[in-house]
Every structure is written in C-alpha cells, then in structure tokens.
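Trainee: please work out how this folds:
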Amino acid sequence: MIVTLDNPATVSAPFGDRFAHVARLDLPGSALLLLSGQVGVDDDGAVVAPGDVRAQSERIFELVGGLLAAHGATFADVMHVRTFMTDLGDLAGYAEVRSRYFPHAKPASTTVEVNRLFLDGAVLEVEVTAAVTTG
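Mentor: Next up is the predicted model:
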C-alpha cells in the first residue's frame, strides 16, 4: 500500500500550498482517490460568479474532471460525492449541472447545508472519492 498526496501540475491549485488536492492510496491493481473539497474558483483563487450555483458547479466539475484525469480516472470511476451547500434551495441548479457529469450510473451521495464556506461568494464545495484500476 502506497499513499501519495498530490497537486497535479495539469490542474490549477490556487490553494495548493495549504493542502493536497488528491490523496491517492495505491493497492495492488487499483487506486483509491480522495479529492479534497473543491470550490468554484479561477486559477488565481477568486470565486467564479459569486452566488451563482450553476457557474460554480461547472467550475468545480471541471476541476474534479482534471484531477481525476491526472490519475487515470473518469467520472465513471466516482464512488461517492459529498456536497456542502450554503442554501439547499440551490439544489436544483446544482443537480442540473451534476447530472451532465453522471448521465448514467449515479454515485453514492451526501449533501449537507452549511452556514457558510471559507470564501465569500462560494455557495458549494464538493468532495469526491473514486476508485480506478491500475494494472
């Protein structure tokens, strides 16, 4: 078993100096990927479209897709999605975007409403767990 903490060079990591965006656990023939909570920020760390759940969802899944790809995974490899939202009234907008990334098999899911996130204007944060075959 090998554990790697990483910020892939192919994906912007504006907060990469504070934490690893991916924790990877390599096992014989497979790997488990634990993606840190992703927020809708641009390459400089500024919130994309403050208050706009759809725009932030698009950016988050763009980042998640890049992190998965950097480790040989796709959205089809996602086992669980954990979402933190500041207003569950935005759930329909988030679900609309999310459904495009998971058009068939839906991963296990947890959604929680929180008072606020660490960046002003951010309305959701998404964590992902994926498993990928490596050999």
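
Trainee: tell me the SS of residue 119?
Mentor: coil (DSSP: H, G, I helix; E, B strand; the rest coil).

Trainee: quick check: it vs residue 77, distance?
Mentor: Residue 119 is 28 Å from residue 77, where distance means CB to CB, to the nearest Å. Heads up, the C-betas are built off the backbone N, CA and C, glycines and all.

Trainee: equivalent analysis for residue 93, please.
Mentor: According to CB to CB, residue 93 stands 25 Å off from residue 77.

Trainee: with residue 103 instead?
Mentor: 14 Å.

Trainee: show me which of the two is the more surrounded one.
Mentor: residue 77 (18 against 9; other CB atoms under 10 Å).

Trainee: ok, the more buried one touching residue 134?
Mentor: No - counting by CB atoms under 8 Å, residue 134 is not a contact partner of residue 77; they are 11.2 Å apart.

Trainee: what's the burial count for residue 123?
Mentor: Neighbourhood size, residue 123 [other CB under 10 Å]: 26.

Trainee: hmm, I was thinking of residue 134
Mentor: 13.

Trainee: now it, nearest residue through space, not along the chain?
Mentor: Excluding its sequence neighbours, the residue lying closest to residue 134 (CB to CB, 6 or more residues apart in numbering) is residue 31, at 5.3 Å.

Trainee: pretty sure that neighbour contacts residue 22?
Mentor: No - Residue 31 is beyond contact range of residue 22, at 10.1 Å (criterion: CB under 8 Å).

Trainee: shared neighbours of the two, which are they?
Mentor: Listed contacts common to residue 31 and residue 22 are residue 71; contacts here mean CB atoms under 8 Å, 6 or more residues apart in numbering.
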